[in-house]
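Undergrad: here is a sequence together with a model predicted from it:
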Amino acid sequence: MSVAILGAGAFGTALAVALSANGAVTLWGRDTGWGRENPRLPGVTLPDNINITNDLASAVQAETLLLAVPAQSLGAFLAANARMLDGKRLVSTAKGIDLTRLTGPSALISEACPAATVAVLTGPSFAADIARGLPTALTLSCADADAGHDLQAALSTPVLRLYRTTDVTGAELGGALKNVIAIAAGVVIGAGFGDSARAAIITRGFAEMTRMATRLGARPETLTGLSGLGDLTLTCTSAQSRNFRFGQALGRGEAFDPTTTVEGAATARAVTALAAKLGEDMPIAAMVAKLSEGSVSVETAAAHLMTRPLKEE
C-alpha cells in the first residue's frame, strides 16, 4: 500500500520518518525547500526513501493519504482539493473541532470526499519522540472494519504500535478535547496553583470530555483508551505540549508565540458553542475559551470554578 503524508509540519514529517521504516513514502508540503532537515523538526535528517515534494498532484497518486493538516485549516484544504482526494483512503491526524461547522475532521472529510474511506490516527504522541524512533502507541479509528485492519497493518512499524477501533467519534473527540484540558492544566501550573490543582483539572476535565463525547455517540471505553485518557495524561504533564505551554503562558500573564499553532484554543471556543447548542455543562472548556480570548482573568476563572455548586462526583 503506497503512502503519502500531506502536510510537512513537525507531526507530518515525523510520521514520514516513522513510516519510512516500512518502505518508500511521500511527504508533501507547500514549502519544501529545506532539503533533508525540516526546520520544524530540528536535528532529524529525513531518510533517503522519503520523497519530499511540493507537487500535490503527484503526492495524491498514493493509495493512502495521511492528512497532517491543522484542524482549523482542514476544511479549506479539502474544499480546494476534494476532487483529487476523493476515492482515496484518507487518514486525518488533526485534533480539533472545526469552528465554523462544529464538527470533527472525519465529518469534514466525508462531506467533501463522499467516496473516500475515512480514518483518524490519534493518541499520545509528540513529533520529536516519533521522529527519534521512540516507542509510541496510537489509535487508528475507522468505521469500515476491513479497511481499519488494512490501515493498521500498513501504518504500524516496529516502534509505532496502532490499536484499532471503529469508534471514530470517540477517538477524534478524545484527541480534540484533551487539548482544551491541557491548556487548563498549563494555566494551573503557570499560575502557581500546584500539582494537586492540576490533578483536579485533569480528572474533572476527563469527566467533561466523556460527557460530551458520549452525548455525541462515542463509546465510553474509547475515552479511557489511548485517544482519550492516554493523550490527556501526556499533554497535561509535559512541556513538549504546545497547548500546555500556551496555558502556562496564560497562567503567568506572559505573551505566547502567535506563530505557534494551539489547536486547543480554537477547540475550546468550538466545544463551548457546541455544548450550549446541546445543553451540556462544560465549565472548564468555557473558562479556557474565555481565558484564550482574554475576556476573563486567571483569578476570576479559578474563583468561578471553585465556587460552583457542590455536587456528587
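TA: Yep, that arrived.

Undergrad: report the residue spans of the stretch 101-250 of the chain with pLDDT below the cut-off.
TA: Within the stretch 101-250 of the chain, not a single segment meets pLDDT under 70.

Undergrad: where exactly do the helices run in it?
TA: Counting by DSSP state H, counting those that start in this stretch, the stretch 101-250 of the chain has helices at residues 105-112, 127-131, 145-155, 168-190, 195-215, 220-223, 231-235, 242-252.

Undergrad: buried set for the shortest one?
TA: Applying a neighbour-count criterion of 16 or more other C-beta atoms under 10 Å, one finds 222, 223 buried in helix 220-223. Yep, even glycine has a C-beta here, placed from its N, CA and C like the rest.

Undergrad: quick one: list the elements packing against that helix.
TA: helix 168-190, helix 195-215 (3 or more C-beta pairs under 8 Å, 6 or more residues apart in numbering; DSSP states H and E).

Undergrad: pull the distance from that helix to the chain's centre.
TA: Distance, stretch centre to chain centre, for helix 220-223: 17 Å (C-alpha atoms, centre = their mean, to the nearest Å).

Undergrad: now find how far off-centre stretch 23-36 is within its chain.
TA: How far stretch 23-36 lies from its chain's middle: 21 Å, per C-alpha atoms, centre = their mean.

Undergrad: let me fix that, I meant to ask about stretch 24-41.
TA: With C-alpha atoms, centre = their mean, you get 20 Å for stretch 24-41.

Undergrad: now do it, average pLDDT.
TA: On average, the pLDDT along stretch 24-41 is 94.

Undergrad: hmm, who's touching it?
TA: Identification of contacts with stretch 24-41 by C-beta atoms under 8 Å, 6 or more residues apart in numbering yields 2-10, 12-14, 16, 19, 43-46, 49-56, 58-59, 62, 127-128, 131.

Undergrad: between the two ends of that stretch, how far is it?
TA: Taking C-alpha to C-alpha, to the nearest Å, stretch 24-41 runs 20 Å from one end to the other.

Undergrad: for it, buried residues please.
TA: Buried residues in stretch 24-41 (16+ other C-beta under 10 Å): 25, 26, 27, 28, 29, 38, 40, 41.

Undergrad: now do stretch 275-295
TA: 275, 280, 282-292.

Undergrad: what do you get for stretch 197-213?
TA: Of the residues in stretch 197-213, 197-198, 200-202, 204-206, 208-210, 212-213 count as buried by neighbour count, 16+ other C-beta under 10 Å.

Undergrad: need the max-distance pair from these.
TA: Taking C-beta to C-beta as the measure, those span a maximum distance of 24.1 Å, between 197 and 213.

Undergrad: residue 95 against residue 179, yeah?
TA: Yes. Under the criterion of C-beta atoms under 8 Å, residue 95 is in contact with residue 179, at a separation of 6.0 Å.

Undergrad: where do the contact lists of these two overlap?
TA: Common neighbours of residue 95 and residue 179 (C-beta under 8 Å, 6+ apart) are 263, 267.

Undergrad: tell me which of these two has more neighbours.
TA: A direct count of neighbours by other C-beta atoms under 10 Å for residue 95 and residue 179 places residue 179 higher, at 31 against 28.

Undergrad: residues contacting the nearest residue to that one once chain neighbours are set aside?
TA: In space, and not counting its chain neighbours, residue 179 is closest to residue 264: 3.2 Å by C-beta to C-beta, 6 or more residues apart in numbering. Taking C-beta under 8 Å, 6+ apart as the contact definition, residue 264 lies against 96, 179, 180, 182, 183, 243, 246, 288.
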